[in-house]
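Visitor: Structure for this input, please:
(chains A and B)
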Amino acid sequence: DIQMTQSPASLSASLGETVTIECRASEDIYSNLAWYQQKPGNSPQLLIYDANSLADGVPSRFSGSGSGTQYSLKINSLQSEDVASYFCQQYNNYPPLTFGSGTKLEIK
Amino acid sequence: QVTLKESGPGILQPSQTLSLTCTFSGFSLSTYGMGVGWIRQPSGKGLEWLANIWWDDDKYYNPSLKNRLTISKDTSNNQAFLKITNVDTADTATYYCARKANYGSYFDYWGQGVMVTVSS
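Guide: Sure thing, here's the model as predicted:
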C-alpha cells in the first residue's frame, strides 16, 4: 500500500496569509494526486487533481505543486471561508486508494 | 448537474449486514470511464476508501476489508450499492459515495453522506 503522510495536522493562520500543506508519498506517485477540502459538517470537495490542475469552480488562490513523492497545496490570501480540513489522495497505484490523515485549518 | 445521494439503515447491530444505496443523476455508469466509489469517515477522523465500481463492471476493493465488501450497480436506475457483512462498532462512520473522474481515480463529485451507527 502507498502511505500518504500529511503535515501539519493542524494550522492556524491570519486572514490574507499564505499557507502551505504538504503530502509525502511512500513511493513515487507520478503526480497522481488530488486535494480535497472538507468544510465543517459537509462532504469533501475536489480542489486539485493531477497534482496541479484546478478543479472547476475552485478559486485561483488555491494551487498545487510537486512531483515524485513530495506534493503541496498552497492557499494564497487566506479567506474566512477557507476554514476546513484538507486531505490529499493518491491514485497512482491501487487498490487501495489512500488518503492523507488531513490538515485542519483555522483562522488565527 | 451531477448529484449523488446515499441512503442506509441509520443504525444496526453488530454482526448484521450493512446495505447502502447511492442514487445519482447527471451521468451514467454505462459511459466509458465512469465509476462510483464508496468512502467512509468516522466522526472527527480521516477518510478511508472502501471500493470502486467502473462502467464495465470492474470492481476494486480495499484489501483490509475485501472479504466483507460487495459493490454492485444498477445502471438502468442510476444506482450503486455497497454491502458490508459482519459489522461491528468500528464500522460506525459517515459513508459517502462519489463519482470517479473520467480520466483518473479521484472523486470529482461527492454525496452528502449517510451516518451509520453500529450498536447493540
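Visitor: Which residue is the nearest non-sequential neighbour of the residue nearest to the spatial centre of chain A?
Guide: Nearest to the mean C-alpha position of chain A, counting by C-alpha atoms, centre = their mean, stands residue A:35 at 3.8 Å. Distances taken as C-beta to C-beta, 6 or more residues apart in numbering or on different chains put residue A:48 closest to residue A:35, at 4.1 Å, once the chain neighbours are dropped. In short, each C-beta sits where N, CA and C put it, glycine included.
Visitor: tell me the contacts of the one you found?
Guide: A:33-35, A:54-55, A:58, A:62-64, A:73 (C-beta atoms under 8 Å, 6 or more residues apart in numbering or on different chains).
Visitor: what does chain B have sitting close to chain A?
Guide: Contact residues, chain B versus chain A (C-beta under 8 Å from any C-beta of the partner chain): B:37, B:46-49, B:52, B:60-64, B:96, B:98, B:101, B:104-113.
Visitor: Show me what the residue nearest to the centre of chain A is bridged to.
Guide: residue A:48, residue A:88 (DSSP bridges).
Visitor: give the contact list for it.
Guide: Taking C-beta under 8 Å, 6+ apart, one finds A:21, A:46-48, A:62, A:64, A:73, A:86-89 in contact with residue A:35.
Visitor: same thing with residue A:1?
Guide: By C-beta under 8 Å, 6+ apart, residue A:1 lies in contact with A:96, A:98, B:63.
Visitor: what's the answer for residue B:10, then?
Guide: B:114-117.
Visitor: State the three-state secondary structure for the residue nearest the centre of chain B.
Guide: Nearest to the mean C-alpha position of chain B, by C-alpha atoms, centre = their mean, lies residue B:38 at 2.7 Å. Three-state assignment for residue B:38 (DSSP: H, G, I helix; E, B strand; the rest coil): strand.
Visitor: returning to that earlier point: report the buried members of the residues of chain B next to chain A.
Guide: B:37, B:47-49, B:52, B:60-62, B:96, B:98, B:101, B:104-111, B:113 (16 or more other C-beta atoms under 10 Å in any protein chain shown).
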